[in-house]
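Q: how would this look folded up:
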Amino acid sequence: MVARLVRFEGINEAEWGIGSGWFEDDYLPVAEHTDGFEGAYLFADRELGRVVSVTLWRDAETAAASEAVVRGHLEHYEEIMGRGWTMETFDVTLARPALR
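A: Down below sits the predicted model:
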């Protein structure tokens, strides 16, 4: 499994809803219909003005194939919000669901 992290910095209070709406309404519907998509998380630190999205992909090939789509969405977001972003990709070396 591969995790793609996208970080946004300097997010102000007025931008929280716009960013989370973009992630949920614009990006996720596309990602969910992309081969290899395994899940997504959105993390926010309002105090520091940071947002990190994490999308999970079946393997390196599907993560790489989906990268053009996410870059297009991020570039559009950057045009709208005037905010840059950083992207990192990691191999998931341990995943442990909660025991219930």
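Q: What is the burial count for residue 57?
A: Here the number of neighbours of residue 57 (other C-beta atoms under 10 Å) works out to 25. Placement of C-beta: from N, CA and C, glycine included.
Q: Same question for residue 10.
A: Residue 10 has 12 nearby residues by other C-beta under 10 Å.
Q: swap in residue 66?
A: Residue crowding around residue 66 was assessed by other C-beta under 10 Å; the count is 20.
Q: where does the residue lying closest to it once chain neighbours are set aside land in three-state SS?
A: Of all residues not flanking residue 66 in the chain, residue 34 sits nearest, at 4.9 Å (C-beta to C-beta, 6 or more residues apart in numbering). Put simply, residue 34 is coil when judged by DSSP: H, G, I helix; E, B strand; the rest coil.
Q: got the buried residues for the worst-scoring helix or strand of the chain on mean pLDDT?
A: The weakest-scoring helix or strand in the chain, judged by mean pLDDT, DSSP states H and E, is helix 16-21 (a mean of 79). Residues residue 19 are the ones in helix 16-21 that count as buried (16 or more other C-beta atoms under 10 Å).
Q: which residues of this protein fall in helices?
A: 16-21, 28-32, 60-81 (DSSP state H).
Q: For the first one, give me every contacting residue.
A: Same thing as helix 16-21. If you take C-beta atoms under 8 Å, 6 or more residues apart in numbering as the criterion, helix 16-21 is touched by 8, 11, 42, 44, 46, 51, 77, 80, 81.
Q: can you do 10 Å?
A: Contact with helix 16-21 is made by 8, 11, 42, 44, 46, 49, 51, 53, 77, 80, 81, 83, as judged by C-beta atoms under 10 Å, 6 or more residues apart in numbering.
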